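J.: Need coordinates for the below:
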Amino acid sequence: MATVTLPQLAWGSPDSPRRALLVHGLGSDAQTMWRIGEFLADNGWHAIAVDQRGHGRAPRTSTYRIDDFARDLLAVPRDRPWDAVIGHSIAGASLVAALDIDPTFIRKLVLIDPALITSDDDRAAIRQGQLTNHDTITVESQAAANPHWHPQDIQASVNAHRTASRFAVEHACLDNPDWDVIERAQRLTVPTLIVQGDPTVLARYTDADAARIESVNPAITRTMIPGTGHSPHRDNPAEFLARVHAFLG
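T.: Predicted coordinates:
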């Protein structure tokens, strides 16, 4: 599948010496990364968030393989490696795949509760959840499910679910029966921070994943934010941003 041009949102001065790429998860879009973009801009970065294929304003395509997402990200224009890339959920798998293709793509990587491997049951549950959100989500239902989220997070999430291609969110599960980038993650060479959701709430990056990856790859460090779920950047943004800031320096 050919790559597609991904629409962008940007924060901060384009002349900043530090540049970051922000990549949303399934059923989201560039605007859902607003808080990270604002934070980086306030700290002297130029941050760009993209709509991934089938999401937001991005082109709709016929396939939604992990490597399709990865090659789209590699094609985002840049004149040097990204100083940092931050990706959530399925974007974690896509970014690991992208780095396996081009290890010079990124200088530092932050993965927000990345979905690096899924079982048949996982994909069935993700697929059903995505379709339900696409079809029925409202501001009221999202606020009730996530009462601590900022109102802008709630509205951005609802807008993203509604505007994403139904075919895309379904086929991101159907097209990836081999959704497993664990071995690729074991080969990562860039400094990587994994921000894990609390396993007692919901963590797509499990302790079993960590045992397989972190034990053989010293480039990867992990931090868990207690009480957060699959979206620690929205569940506890202050703590999330503090830990990311410390990692990026």
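J.: Spell out which helix or strand contains Ile48, please.
T.: In the assignment (DSSP states H and E), Ile48 maps to strand 45-50.
J.: Contacts for that strand next, please.
T.: Taking contacts as CB atoms under 8 Å, 6 or more residues apart in numbering, the residues outside strand 45-50 that touch it are 6-16, 18-24, 30-31, 33-34, 36-37, 40-41, 58, 73, 76, 83-84. Where C-beta positions appear, they are placed from N, C-alpha and C, glycine not excepted.
J.: distance between that strand and the chain's centre?
T.: The offset between the C-alpha centroid of strand 45-50 and the centroid of the whole chain comes to 14 Å, using CA atoms, centre = their mean, to the nearest Å.
J.: Parallel or antiparallel, list what pairs with that strand.
T.: The pairing partners recorded for strand 45-50 under DSSP bridges are strand 8-11 (antiparallel), strand 18-23 (parallel).
J.: Centre-most residue in this structure?
T.: Geometric centre of the chain, nearest residue: His88, 1.9 Å, by CA atoms, centre = their mean.
J.: Which pLDDT value goes with that residue?
T.: His88 carries a pLDDT value of 98.
J.: Am I right that it is in contact with Asp29?
T.: No - proximity of His88 to Asp29 does not meet the contact threshold set by CB atoms under 8 Å, at 11.4 Å.
J.: Which parts of this structure are helices?
T.: Listed in chain order, the helices of the chain (DSSP state H) span 34-42, 66-74, 90-101, 120-136, 139-145, 151-163, 166-174, 182-186, 207-214, 232-235, 237-248.
J.: outside of the fourth one, which residues touch it?
T.: Just to be clear, that refers to helix 120-136. Judged by CB under 8 Å, 6+ apart, the contacts made with helix 120-136 from elsewhere in the structure are 26-27, 115, 118, 161-162, 164, 166, 169-170, 172-174, 176-177, 179.
J.: ok, now with 10 Å
T.: Among residues not part of helix 120-136, those counted as contacts by CB atoms under 10 Å, 6 or more residues apart in numbering are 26-27, 89-90, 115, 118-119, 141-142, 145, 157-158, 160-166, 168-174, 176-177, 179, 204.
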